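> build the 3D model from these lines:
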Amino acid sequence: MATSLRVLIHGGGIGGLALATALARRGHTVEVAELREELDALGVGIIQPSNALHVMRELGVLDACLAEGFAWDVLTIADPAGNPLARIPQPRMGDAPASNGIPRPALARVLGGAAVAAGAKVRLGVTVTALDDDGTGVTVTLSDGSTDRWDLVAGFDGIGSPLRTRLYGDRYAPAYTGFANWRVTVPRLPDVRGVVMATAGREAKALLTPITDELMYLGAVFAEDEDFRPDPERAHEELAERLAAFSGPVAEALAAVTDPSAVVYSRISQVTVEEPWHVGRVVLAGDAAHASTPHLAQGAAMAVEDALVLAESLDAAPSVPEALEAWEARRRPRALWVQAMSRAVLKQETGTPTTPEEDALLETGIPGAAHVLVKPY
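Next up is the predicted model:
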């Protein structure tokens, strides 16, 4: 599009800030509405696979991400005692590194700084309370009472997306998979220079992921009742009980956890918006449209790919509606393939029965999936 657009982004997470940076650098007027009072990220660390790092390069923040994180290129499979069983080189997309572990708060600072430096405005403590799309623009009222008109509203507001509910009602509420993720940040062990996946049959799997020179995180997935929540007084002990089959580096990492509040527990849910991801000039992206399980480490990567491709589609198309059609045609097959493959891997690793369609996906294996994901999106 030859003209400058006015774009409101609902949600200041990884995908929303990536879109704000991409659009503001292209000369568009961009505002981010974020309900939280600061641009910080909850949780522990995150893996940026090569396709996500390729997007970071396009946004001009690759060097900053690498400086804040810990780059690696080999996945190690280990036994319960930490003895290596296999070392699997990870593929690269272009000349981006294979992978980078980074603390979520550090990534939020990098992307928030880039968005503001590019000219985007970030408004904290506000959310959308009313939308009026008349076909030529969207009049939006925020929770602080302000009203403005936009050419496009983009919802990067997460798996619990209020914007999704506003557009589709409760048809696409998050669906709990029956599994939950336990994570905790601990001092990095010297030998953990890439992800170490230690397995004890199908009963348990633990991952050690470096995120800085000094830090790594321990992660594990277990089947949990939907209403289960860790005991706030002994969450670290509950995690240790679930990982009792492990010795070596996993046990050493667990021994460093003495504060139960350091343990981050999150249920693993999925969202699949089966209708078009845009209604008029309002579009959903990232977890708001297609949240996946974490088993390919691709959730945030899909969000930033969504952001960059949306910016490119707005560049190329003659109108906003045509740009949204072109964007979704590119993004839906890839994002839903990641979602299906991630769910299939979850089932495989936990001994859960799989469908014939999932069996066909799993025949490629995780290395095969990784190679698919370093092809152009």
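
> the helices in this structure, which residues?
Residue ranges of the helices in the chain, as given by DSSP state H, are 14-25, 50-59, 62-68, 104-118, 162-168, 235-242, 248-255, 287-290, 299-316, 320-350, 356-362, 365-373.

> ok, now which ones touch Glu31?
7-9, 120-123, 148 (C-beta atoms under 8 Å, 6 or more residues apart in numbering). In short, each C-beta sits where N, CA and C put it, glycine included.

> can I get those residues in a markdown table with neighbour count and distance to Thr258?
What follows is the contacts of Glu31, written out as a markdown table (neighbours: other C-beta atoms under 10 Å; distance: C-beta to C-beta, whole Å):
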| residue | neighbour count | distance to Thr258 |
| --- | --- | --- |
| Val7 | 25 | 46 |
| Leu8 | 24 | 44 |
| Ile9 | 30 | 40 |
| Ala120 | 26 | 41 |
| Lys121 | 13 | 42 |
| Val122 | 19 | 36 |
| Arg123 | 15 | 39 |
| Asp148 | 12 | 49 |
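
> ok, and the closest non-adjacent residue to the spatially most central residue of the chain?
Centrality entry for the chain: nearest residue to the mean C-alpha point is Ala300, 2.3 Å, by C-alpha atoms, centre = their mean. Nearest non-adjacent residue to Ala300, counting by C-beta to C-beta, 6 or more residues apart in numbering: Ile14, 4.8 Å away.

> please apply the same query to Gln298.
Counting by C-beta to C-beta, 6+ apart, Gln298 lies nearest to Val338, which is 4.9 Å off, once chain neighbours are set aside.

> roughly how far does Gly69 sit from Ile102?
In this structure, Gly69 and Ile102 are 3 Å apart, going by C-beta to C-beta, to the nearest Å.

> mutual contacts of those two, please.
Overlap between the neighbourhoods of Gly69 and Ile102 consists of 48, 211-212, taking contacts as C-beta under 8 Å, 6+ apart.

> of those, closest to Arg343?
Taking C-beta to C-beta as the measure, Arg343 sits nearest to Gln48 out of the shared contacts of Gly69 and Ile102, at 21.6 Å.

> next, the contact list for the closest one, please.
56, 65, 69, 99-102, 107, 300-301.

> quick one: contacts for His54?
93-94, 96.

> also Leu23?
So Leu23 contacts 5, 7, 30, 120, 311, 314 (C-beta under 8 Å, 6+ apart).

> hang on, Ile366 packs against Ser342?
No. Between Ile366 and Ser342 there is no contact, the gap being 10.3 Å when judged by C-beta atoms under 8 Å.

> counting neighbours, go ahead and name the busier of the two.
Counted by other C-beta atoms under 10 Å, Ile366 and Ser342 do not tie: Ser342 has more neighbours, with 24 against 17.

> how close does that one sit to Ser161?
As defined by C-beta to C-beta, Ser342 lies at a distance of 19 Å from Ser161.

> and His295, by the same measure?
Per C-beta to C-beta, His295 is found 22 Å from Ser161.

> just Arg6 next, same as before
Distance, Arg6 to Ser161, by C-beta to C-beta: 22 Å.

> who's more crowded, those two?
For Arg6 against Ser161, the residue with the higher neighbour count under other C-beta under 10 Å is Ser161, and the figures read 26 against 16.

> the more buried one - nearest residue in space that isn't next to it in sequence?
Once flanking residues are discounted, Ser161 sits nearest to Ala288: 3.6 Å by C-beta to C-beta, 6+ apart.

> quick one, longest strand in this protein?
Counting residues, the longest strand found in the chain (DSSP state E) is strand 175-187.

> ok, the contacts of His54 vs Leu111, which is closest?
Nearest to Leu111 among those, counting by C-beta to C-beta, is Ala96 at 16.4 Å.

> and that closest one, what pLDDT?
Among the per-residue scores, Ala96 shows a pLDDT of 92.

> if I pick it, what's in contact with it?
50-51, 53-54, 56-57, 62.

> tally of neighbours for the residue nearest to Ala300?
Other residues lying near Ile14 total 26 when counted by other C-beta under 10 Å.

> so it makes contact with Asp306?
No. Proximity of Ile14 to Asp306 does not meet the contact threshold set by C-beta under 8 Å, at 10.4 Å.

> common neighbours of those two, please.
Contact criterion C-beta under 8 Å, 6+ apart; residues shared by Ile14 and Asp306: Gly286.

> so who does the spatially closest residue to Ala64 that is not a sequence neighbour touch?
In space, not counting the residues next to it along the chain, Ala64 is nearest to Val110; the distance is 4.7 Å by C-beta to C-beta, 6+ apart. In this structure, Val110 makes contact with 61, 64-65, 68, judged by C-beta under 8 Å, 6+ apart.

> what distance do you get for Val110 to Lys121?
For Val110, the distance to Lys121 equals 18 Å [C-beta to C-beta].

> what does Leu23 give?
Per C-beta to C-beta, Leu23 is found 12 Å from Lys121.
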